[in-house]
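Chemist: 3D, please:
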Amino acid sequence: MALPLFKRKFKVVAVTLLLTMCALHIALDLLPRLSSGSSEARGGSTCSCAPSAAGEALGRAFSNLSSVSGGPALGLGPASPSRGSSRLVALFQQPIYRTARPALDEKNRLFTVRSIGHLDSRKEADSDGWTSDLEYPAPMLPTGLDAYIRYPTWLKFHLGINKNALYARHDPVVEDLLNDLRKQKVATVVMKSGGTQLKLIMTFENYGQALFKPIKQTRDQETPPDFFYFSDFERHNAEIAAFHLDRCTSDSVELVGS
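Modeler: Residues are numbered from 1 along each chain as shown. Have a look, this model is predicted:
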């Protein structure tokens, strides 16, 4: 007898609570509309076209967001290219890219060169590697005040890596390194072990090295739904993310702690 009575009371309480919440919601929704309608009826149909301070601030924020992203605010319309310059040029004019780079000293450097020893990357080659028929003698690292001038480009690039940035955007060594990658002859090729994708370590005639990963799909190609990410398909997210992260933080944010 007590259980059915409890169920009935519980239903009554639940229905009452639900109706109260609905009434409160309707009241909160209708009262502002009724008050605004009554104020318009008392004051007439006058319209103030002057924008408020909050609206102006919001508009300026959307304008700044549009100029930084290179597109319209909130993506509500088609992007219109800036006149006389590209969006990339306009992006690099932002303050984050125009911050003065701190002076590079030994405390900020991450790599040093040993004064004694040879650079011989052939020791990593094994029976699975390919070696060119040409002879490339192992170089001795130069010493002296002008040693840096005689270093190969890849070594200069590594010495430029510091706590402030991976590389400076206008560093001429980067352009020289790209030219070397296009012109240098390949001395050895070794398959890198580990992982699920094919990776080749190429050693050039100046003993610089590059990691080669064949791409399976283009950037605009859609991934089939039956591909398993870690074995059948792998976008080079790490390389893409590293490039954009460096572009965003170069000369402004420390990437490595002291």
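
Chemist: state the distance from Pro224 to Pro214.
Modeler: Plainly put, Pro224 is 18 Å away from Pro214 if you go by Cβ to Cβ, to the nearest Å. C-beta coordinates here come from the backbone N, C-alpha and C atoms, glycine included.

Chemist: can you check Gly208 too?
Modeler: Distance, Gly208 to Pro214, by Cβ to Cβ: 20 Å.

Chemist: check Met21 too.
Modeler: Separation of Met21 from Pro214 (Cβ to Cβ): 61 Å.

Chemist: low-confidence ranges, the protein, go.
Modeler: For the chain, the stretches with pLDDT under 70 are 1-6, 32-33, 35-85, 88, 114-146, 216-223, 227-258.

Chemist: would you map out the domains in it?
Modeler: 65-98, 101-249 (automatic domain parsing).

Chemist: sorry, back to before: more neighbours, Gly208 and Pro214?
Modeler: When neighbours are counted by other Cβ atoms under 10 Å, Gly208 and Pro214 differ, and Gly208 comes out ahead with 21 against 8.

Chemist: tell me how many other residues crowd the nearest residue to that one once chain neighbours are set aside.
Modeler: Distance criterion Cβ to Cβ, 6 or more residues apart in numbering; nearest residue to Gly208, sequence neighbours excluded, is Trp154 at 3.5 Å. For Trp154, the neighbour count with other Cβ under 10 Å is 20.

Chemist: with Val113 instead?
Modeler: By other Cβ under 10 Å, 15 other residues sit near Val113.

Chemist: so how far is Lys156 from it?
Modeler: 10 Å.

Chemist: same check on Ile215?
Modeler: For Ile215 relative to Lys156 (Cβ to Cβ), the value is 28 Å.

Chemist: which of these two has more neighbours?
Modeler: In this view Ile215 and Lys156 are compared by other Cβ under 10 Å, and Lys156 has more residues nearby, 17 against 10.

Chemist: what are the ranges of the helices in the stretch 151-258 of the chain?
Modeler: For the stretch 151-258 of the chain, the helices defined by DSSP state H, counting those that start in this stretch cover 153-160, 172-183, 237-249.

Chemist: same for the shortest one, what does it pack against?
Modeler: Read it as helix 153-160. For helix 153-160, the packing partners by 3 or more Cβ pairs under 8 Å, 6 or more residues apart in numbering; DSSP states H and E come out as helix 172-183.

Chemist: what do you get if the cut-off is 10 Å, keeping everything else the same?
Modeler: Counting contacts by 3 or more Cβ pairs under 10 Å, 6 or more residues apart in numbering; DSSP states H and E, helix 153-160 packs against helix 147-150, helix 172-183.
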